[in-house]
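Participant: Fold the following, please.
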Amino acid sequence: MCQKLVQLMQGKIWVVQNPRGFPQRMALDLRFQLHPSLGIVISEPGDFSEQLHHNSLFNGLHVLLADDDDVNRAVTQKLLQKLGCTVTSVSSGFECLSAFSPSGPPHKVVLLDLHLPDLDGFEVAIRIRRLRSRSSWPSIIAMTSNASEDVWERIKQTGINGVVQKPILLQGIINELRRVLLLQANKTVL
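Facilitator: A predicted model of the protein is given here:
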C-alpha cells in the first residue's frame with residue numbers, strides 16, 4: 001500500500017539492506033511542486049487514465065481539511081494542493097469548528113475525517129450546519145475507511161454531501177469534489 005501511495009505522488013520507495021542482507025531502513029523520495037501546475041495527468045496502473053487540461057474547477061478552491069492523523073493529513077493536503085486548492089489543515093473537531101471565524105477564509109468545502117478523537121466527524125458536521133446560515137453552508141465530504149450501512153445512514157442524516165474512501169487517492173478526491181461542486185452549482189442556479 002505504501003508503494004502505491006508513493007507512486008501516486010510520483011515518488012520512489014525502496015529498502016536499503018545492511019551488509020548481512022537484512023532490510024535495515026527504507027528510503028523515500030517524494031517531489032512536491034511549490035506552485036500548482038496548469039495541467040495534471042492522472043494515471044494509475046490497472047485503472048483508467050484521464051488528462052485534465054486545466055483545473056479551473058478546483059483552482060483557488062478553499063478547502064478545510066480535518067484529520068487527526070499527521071501522515072494522512074499531509075498526504076491529503078498535498079493531493080488537494082496539486083489540484084490547485086487552497087487548503088487549511090486542522091487536526092481536531094474543535095479546531096475545525098474554530099476555523100469558521102468571520103475573519104477566516106470562506107471555506108467552500110470541508111474534507112472531514114469521521115473518526116476524530118475529540119468530536120467525531122458527524123458531530124462536527126451537525127455543528128457546522130448550526131453555525132452557518134443555509135445559504136453559506138460549505139459542502140462537507142466525509143473521509144472514512146468504514147463503508148458499513150450504519151455509517152452511510154448517519155452520513156445521510158447529518159447532511160454530509162459526499163464520501164471519499166480511505167486510503168485517499170487523487171482520483172477519488174477529484175471525482176467526489178467534482179460531483180459535490182456540480183451539485184452545489186446546480187442548487188445555486190435553481
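Participant: And Ile155, which helix or strand is it part of?
Facilitator: In this assignment (DSSP states H and E), Ile155 forms part of helix 149-157.
Participant: Run through the neighbouring helices and strands of that helix.
Facilitator: Applying 3 or more Cβ pairs under 8 Å, 6 or more residues apart in numbering; DSSP states H and E, we find helix 149-157 packed against no helix or strand. (Glycine included, C-beta is placed from N, CA and C.)
Participant: Which positions within that helix qualify as buried?
Facilitator: Within helix 149-157, the residues that count as buried by 16 or more other Cβ atoms under 10 Å are Val151, Arg154, Ile155.
Participant: neighbouring contacts of that helix?
Facilitator: With contact meaning Cβ atoms under 8 Å, 6 or more residues apart in numbering, helix 149-157 is reached by Leu114, Phe122, Ala142, Thr144, Val163.
Participant: from what I can see the fourth one touches Leu116, true?
Facilitator: No - between Thr144 and Leu116 there is no contact under Cβ atoms under 8 Å: 11.2 Å.
Participant: Next, the distance between the ends of stretch 104-116.
Facilitator: End-to-end distance of stretch 104-116 (Cα to Cα, to the nearest Å): 22 Å.
Participant: Give the buried residues for stretch 63-77.
Facilitator: Buried-residue list, stretch 63-77, by 16+ other Cβ under 10 Å: Val63, Leu64, Leu65, Ala66, Asp67, Asp68, Asn72, Arg73, Val75, Thr76, Gln77.
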